[in-house]
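Novice: this one's structure only:
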């Protein structure tokens, strides 16, 4: 079978592009440790209330880590626990969240904080809170008839 030289060039270009793409993806995923947030930990969604740290949702000061606080949220039927939390301005916070029942969202509008909460998975996000004020936490995944009522509030205060 005879192939035209331009056909061969395009075939070589396509295969080379695919190899470059897969190499970049492989380096990003394995060498730099990038992965889906829910890949890190699995839990039993029926026993969330018994599993640490979800047995005591809220803000906790931590020592010896790259963040100052851990903020634990549990989502369930149209509510977040805790409903309201105060965090000192300039703190680096690791948000750890899960859900007991169905898929929920966890979004703070106007920020990069946006996670999907799936039953059986733990979602985590690290953020530095450098702006004082009240920030609404919204569910951005339709979760049922009371979806529009599912909110929480994070207040960043000057200490």
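Specialist: On my side now, so go ahead. Just so it is clear, the structure is predicted and the values come from calculations on it, not from any experiment.
Novice: And the residue nearest the centre of this protein?
Specialist: The centroid of the chain falls nearest to residue 115 when counting by C-alpha atoms, centre = their mean (3.6 Å).
Novice: Okay, and that one sits in which element?
Specialist: Element membership of residue 115 [criterion: DSSP states H and E] is strand 114-117.
Novice: swap in residue 20?
Specialist: Taking DSSP H and E as the definition, one finds residue 20 inside helix 5-26.
Novice: any idea of the mean pLDDT for the helix or strand just after that helix?
Specialist: Next in sequence after helix 5-26, counting helices and strands by DSSP H and E, comes strand 58-61. The average pLDDT for strand 58-61 rounds to 95.
Novice: can you check stretch 81-99 too?
Specialist: 95.
Novice: Stretch 1-16 now?
Specialist: On average, stretch 1-16 scores 91.
Novice: residues of that stretch that come out buried?
Specialist: Within stretch 1-16, no residue is scored as buried using 16 or more other C-beta atoms under 10 Å. Every residue, glycine included, has its C-beta placed from N, CA and C.
Novice: now swap in stretch 79-89 and tell me
Specialist: Residues of stretch 79-89 classed as buried: 79-82, 85, 87-88 (neighbour count, 16+ other C-beta under 10 Å).
Novice: Ok, stretch 137-148 next?
Specialist: For stretch 137-148, using 16+ other C-beta under 10 Å, the buried residues are 137-141, 143.
Novice: How far does that stretch stretch from one end to the other?
Specialist: The straight-line separation of the ends of stretch 137-148 (C-alpha to C-alpha, to the nearest Å) is 12 Å.
Novice: Same question for stretch 75-82.
Specialist: 9 Å.
Novice: Determine the set of other helices and strands touching the strand holding residue 115.
Specialist: strand 92-99, strand 104-107, strand 123-128 (3 or more C-beta pairs under 8 Å, 6 or more residues apart in numbering; DSSP states H and E).
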